[in-house]
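1. Return atomic coordinates for the entry below.
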Amino acid sequence: MLPQLPQKTVFFALIGGAVALEVLGDVLLKKWVLQDRGLLLYSGLALYFLGTVLLAFSLRHEYLSKAISVFTVLNLIAVVLAGVFLFKENLTLVNKAGIILGLVSIMLLEM
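-> Alright, predicted model coming up:
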């Protein structure tokens, strides 16, 4: 028999998985825009769907308002970083401040 994981561990694992899948979906959709290959579009949409399923399961472990807030902030940060590292997009001082404030908001939600 497997040991029970704490609710927060399960919640953050599900949210982390959802964020990862949706960011991968975003990357594939951006590549689809640049390369116009149908497979990239359908793969990106499939990853979005799977990410949404994980997000839905995370609601079993946390309030809707908290789950959506944490997911949205982590997704925003991850997508910005993917844009910077994969597509050489610029990161302004305001963007950097937004990332820091997003991380602070997650910490405040967890208090």
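2. what about Val70, neighbour count?
-> Number of residues near Val70 (other CB atoms under 10 Å) recorded here: 22. (Each C-beta comes from the backbone N, C-alpha and C, glycine too.)
3. just checking, next helix/strand downstream of the one helix or strand it maps to?
-> Here Val70 sits within helix 64-87, counting by DSSP states H and E. Next along the chain after helix 64-87, taking DSSP H and E as the criterion, comes helix 93-109.
4. Next, the angle from that next one to helix 64-87.
-> Angle between the axes of helix 93-109 and helix 64-87 is 150 degrees (criterion: axes from the mean of the first three to the mean of the last three CA atoms, to 10 degrees).
5. Can you work out which other helices and strands pack against helix 93-109?
-> Counting contacts by 3 or more CB pairs under 8 Å, 6 or more residues apart in numbering; DSSP states H and E, helix 93-109 packs against helix 64-87.
6. For the helix it packs on, name the packing helices and strands.
-> helix 7-35, helix 38-58, helix 93-109.
7. which parts of that helix are buried?
-> For helix 64-87, burial by neighbour count (16 or more other CB atoms under 10 Å) applies to 66-67, 69-71, 73-75, 77-80, 82-83.
8. which residues touch that helix?
-> Here helix 64-87 makes contact (CB atoms under 8 Å, 6 or more residues apart in numbering) with 11, 15-16, 18-20, 22-23, 26-27, 30, 55, 58-59, 61-62, 89-91, 95, 98-99, 102-103, 105-106, 109.
9. gap between the residue sitting nearest the centre point of the chain and Arg60?
-> What sits nearest the mean C-alpha location of the chain, by CA atoms, centre = their mean, is Val19, with 2.3 Å. The spacing between Val19 and Arg60, counted by CB to CB, to the nearest Å, is 17 Å.
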